[in-house]
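Participant: Quick one, what's the 3D model for this:
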Amino acid sequence: MKKNYNYTRRKLYLPEYGRHIHEMVDSLLEIEDRVERTRQAKAVIAVMGNLNPTLRDTEDFKHKLWDHLFIMSDFKLDVDSPYQQPSRQELMLVPQKLRYPQTRIAFKHYGKYTQQFVRAVAAEAPNHIEEMVNVARYMRSKSYEFNNEHPNNESIIRDIRIMADGNEELDLSVLTTIRSEYRQHPVQRNAKRNNKQQRNNGRNKVQRGAKNQQRHNAHKQ
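Facilitator: You can find the predicted model right below:
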């Protein structure tokens with residue numbers, strides 16, 4: 001008995017439809033009458049739609065099924081399709097290669113887009129003090145997340161001047177009112193909570209010891 005293994009058969013262009021659907025498409029190519037071939041193609045489209053009945057009544061889904069039919073026929077099927085028959089070049093487009101960003105991050109602890117923020121604000125009208133203060137507040141919080149300590153305002157102004165290519169002169173007095181707006185890391189919050197609980201437990205233990213000693217002295221008297 002001759003065995004028919006899959007590796008001896010032709011390649012499946014769309015494996016999700018299975019071998020039987022591909023064999024149906026191959027049988028369409030053997031029909032000489034164009035009208036009959038078109039009628040049989042519509043029957044194959046109906047079978048393909050039954051594989052996903054929830055979407056077979058939508059217009060876009062039908063268009064996709066016809067495209068898949070032509071793909072499985074290796075673009076050799078000649079039928080009267082309700083849609084324009086796609087070409088191999090249209091469906092086999094190779095995406096363009098994306099350029100890897102070559103921009104250098106001046107200060108990594110401030111994040112990738114901080115320098116763009118600074119340059120964008122510096123390029124605006126002269127009255128942008130409030131926006132720059134917001135950027136400085138953001139830089140302060142990001143620096144704390146990275147270094148676990150707050151930078152002084154002089155270093156923030158220096159870094160802003162560097163990221164703005166020297167086109168920003170921010171007065172130190174406008175940053176004096178900046179308060180740190182950050183959230184402690186969960187590990188830090190848990191450690192702080194545990195330390196407080198330990199202090200409370202120790203304080204309660206001392207108080208209980210003092211009360212027990214008072215009761216013991218009163219019992220002796």
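Participant: Provide a list of residues in contact with the closest residue to M24 other than its chain neighbours.
Facilitator: Using Cβ to Cβ, 6 or more residues apart in numbering and skipping residues adjacent in sequence, the residue nearest M24 is V44, 4.9 Å away. C-beta here means a position set from N, CA and C on the backbone, and glycine is covered the same way. Shown in contact with V44 (Cβ atoms under 8 Å, 6 or more residues apart in numbering): I21, M24, V25, L28, L69.
Participant: Just send those residues back as a markdown table, with secondary structure and distance to N52 too.
Facilitator: Output for the contacts of V44, formatted as a markdown table (DSSP: H, G, I helix; E, B strand; the rest coil; distance: Cβ to Cβ, whole Å):
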| residue | secondary structure | distance to N52 |
| --- | --- | --- |
| I21 | helix | 13 |
| M24 | helix | 17 |
| V25 | helix | 17 |
| L28 | helix | 21 |
| L69 | helix | 15 |
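Participant: Looking at the residues you listed, spot the one nearest N50.
Facilitator: I21 (10.5 Å; Cβ to Cβ).
Participant: For H68, see how far away that closest one is.
Facilitator: Between I21 and H68 the computed distance is 9 Å (Cβ to Cβ, to the nearest Å).
Participant: shared neighbours, the two?
Facilitator: Shared contacts of I21 and H68 (Cβ under 8 Å, 6+ apart): M48.
Participant: rewinding a little: check the secondary structure at the residue nearest to M24 for me.
Facilitator: Here V44 is recorded as helix under DSSP: H, G, I helix; E, B strand; the rest coil.
Participant: Can you tell me which residue is spatially central in this structure?
Facilitator: K112 (16.1 Å; Cα atoms, centre = their mean).
Participant: what's the next secondary structure element after whatever helix or strand K142 lives in?
Facilitator: Secondary structure from DSSP states H and E places K142 in helix 129-147. Sequence-wise, the next helix or strand beyond helix 129-147 is helix 153-163, with elements assigned using DSSP H and E.
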